[in-house]
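Visitor: Output the structure for:
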Amino acid sequence: MGVRLHGEPDLEKPVLLAVWPGIGNIGLIAVDILRRALMAEEFGEIEPWDFFYPKKIAIRNGELKSLEFPSNKFYFKKTEKRDLIFFLGEEQPADIGRAYAEGKKAYEMAKLVLDVAQGFGCARVYTSGAAVARVHHTMRPRVWAVPNMESLIDEVRGYDNAVLMSGVEERAGQGHITGLNGLLLGVARKRGLEAICVMGEIPVYLQGLAIPYPKASKSVLEVLTATLGVKIAMEETEAIVERSEGEIEELYGRFPVEIREHLDRLKQLVHTRPTDSGPITEEDKRRILEEVDRFFRKGTEGDQV
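Guide: Residues are numbered from 1 along each chain as shown. Purely as a prediction, here's the structure:
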């Protein structure tokens, strides 16, 4: 288990942006767009052997030639205002039957990511993911933010189109983040590192459909670029969002009228206060997901052979 570095970039107090796949791939899309727009250079990777099973095995002429594992790569970019390290993982190291990383493998992955960042004098960490919310897909997604230190709260409150997750959750200031996004915040705090998780809102009825939601990625990207003091062209992002919105509208139009009427009521929610959209209650979530799941199961009946 270890890290393989291909270079030793000269960095001064870099900021780390670390992301993995998740619901809607919201954080992964946002940070990857930023990485490519800034033309960040690859300089290392975490060796996969102790974290993942092979995702592909190449055989030629009856002989096994190679094993392909999920990649976990580091990139860097020096900008005018600050130096950046990007870490993008293709998969979260999870035990069989679990959707998100937890336990020993996840903890070891988090430690290795921070080991590399701290080795270059990392000053701050950002992670990003999805915030499943009682919102409609035609609304502008907000960004829910979770800092790992009280000293960061006032800064987070100043982010445009963002709200503290504890304010949205309305659970006496409590909340939780699954997978490596949350774990990395905790490990960073244990090491005395500032860290903030920024999560784009995704409608509850889209969370289980395994489709990307770049509209929320755009909101996350806007927060990150403003906070980091970097500017990038947004044409690519807007084009991705436009294509995605067309696909989601087509899918939404296939929902039965009674489901659409129920979900359309979400449009009436106006974000005039941090808690206006509120958390989705467990009863709301159960009812909506059951209706959507029932619809898709009904649509596939008779197609099986």
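
Visitor: Show me what residue 87 bridges to in the sheet.
Guide: residue 18, residue 74 (DSSP bridges).

Visitor: wait, it sits on residue 15?
Guide: No - using C-beta atoms under 8 Å, residue 87 makes no contact with residue 15, being 11.5 Å away. Placement of C-beta: from N, CA and C, glycine included.

Visitor: And the pLDDT at the residue in the chain sticking out farthest from the centre?
Guide: Centroid-distance maximum for the chain: residue 61 at 40.3 Å, with C-alpha atoms, centre = their mean. Reported pLDDT at residue 61 in the predicted model: 71.

Visitor: what's the span of stretch 167-182, first residue to last?
Guide: Across stretch 167-182, the terminal residues are separated by 17 Å (C-alpha to C-alpha, to the nearest Å).

Visitor: quick one, strands of the stretch 51-200 of the chain?
Guide: Assigned by DSSP state E, counting those that start in this stretch, the strands in the stretch 51-200 of the chain fall at 56-60, 63-68, 72-78, 83-89, 124-133, 143-147, 162-164, 194-203.

Visitor: Ok, which of these comes nearest residue 116?
Guide: strand 72-78 (6.0 Å; C-beta to C-beta).

Visitor: So which bits of that closest one are buried?
Guide: 72, 73, 74, 75, 76, 77 (16 or more other C-beta atoms under 10 Å).

Visitor: Not counting that strand itself, show me its contacts.
Guide: 5, 9, 11, 14, 35, 38-46, 48, 51, 83-90, 109, 116, 120 (C-beta atoms under 8 Å, 6 or more residues apart in numbering).

Visitor: If any of the residues you listed are buried, give me the PyMOL selection for them.
Guide: A single PyMOL command selects the buried members of the contacts of strand 72-78 (16+ other C-beta under 10 Å):
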select buried, resi 9+11+14+35+38+40+43+44+45+46+48+51+83+84+85+86+87+88+89+109+116+120
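
Visitor: Any stretches of the chain with poor pLDDT?
Guide: 1, 56-60, 63-66, 94-102, 169-175, 269-286, 288-289, 292-305 (pLDDT under 70).

Visitor: Run through the helices of it in chain order.
Guide: 26-37, 104-119, 153-157, 165-169, 179-190, 214-228, 235-253, 257-264, 282-300 (DSSP state H).

Visitor: any idea how far stretch 138-152 is from the chain center?
Guide: Mean-position distance between stretch 138-152 and its chain equals 12 Å (C-alpha atoms, centre = their mean, to the nearest Å).

Visitor: quick one: buried residues of that stretch?
Guide: Buried, per 16+ other C-beta under 10 Å, within stretch 138-152: 139, 141, 142, 143, 144, 145, 146, 147, 148, 152.

Visitor: what would those residues look like in CSV with distance to residue 192?
Guide: Output for the buried residues of stretch 138-152, formatted as CSV (distance: C-beta to C-beta, whole Å):
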residue, distance to residue 192
139, 38
141, 32
142, 30
143, 25
144, 24
145, 20
146, 18
147, 14
148, 10
152, 13
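
Visitor: between those, which is nearest residue 25?
Guide: residue 141 (13.7 Å).

Visitor: Please list all residues in contact with the closest one.
Guide: 133, 135, 200, 201, 202, 213, 215, 216, 218, 219.

Visitor: make it 10 Å
Guide: Counting by C-beta atoms under 10 Å, 6 or more residues apart in numbering, residue 141 touches 24, 26, 130-131, 133, 135, 161, 199-203, 213, 215-220.

Visitor: how much space is there between the closest residue to residue 54 other than its chain neighbours and residue 53?
Guide: Once flanking residues are discounted, residue 54 sits nearest to residue 67: 4.2 Å by C-beta to C-beta, 6 or more residues apart in numbering. To residue 53, residue 67 is 9 Å away according to C-beta to C-beta, to the nearest Å.

Visitor: how deep is residue 157 tucked in, by neighbour count?
Guide: 14 (other C-beta atoms under 10 Å).

Visitor: Could you give the bridge partners of the residue nearest to residue 54?
Guide: Beta-bridge pairing for residue 67 (DSSP bridges): residue 57.

Visitor: Next, count neighbours for it.
Guide: Residue 67 has 13 neighbours, counted by other C-beta under 10 Å.

Visitor: before we move on, back to that, which two in the buried residues of stretch 138-152 are spaced the farthest apart?
Guide: Pairwise distances across these (C-beta to C-beta) peak at 28.3 Å, for the pair 139 and 148.
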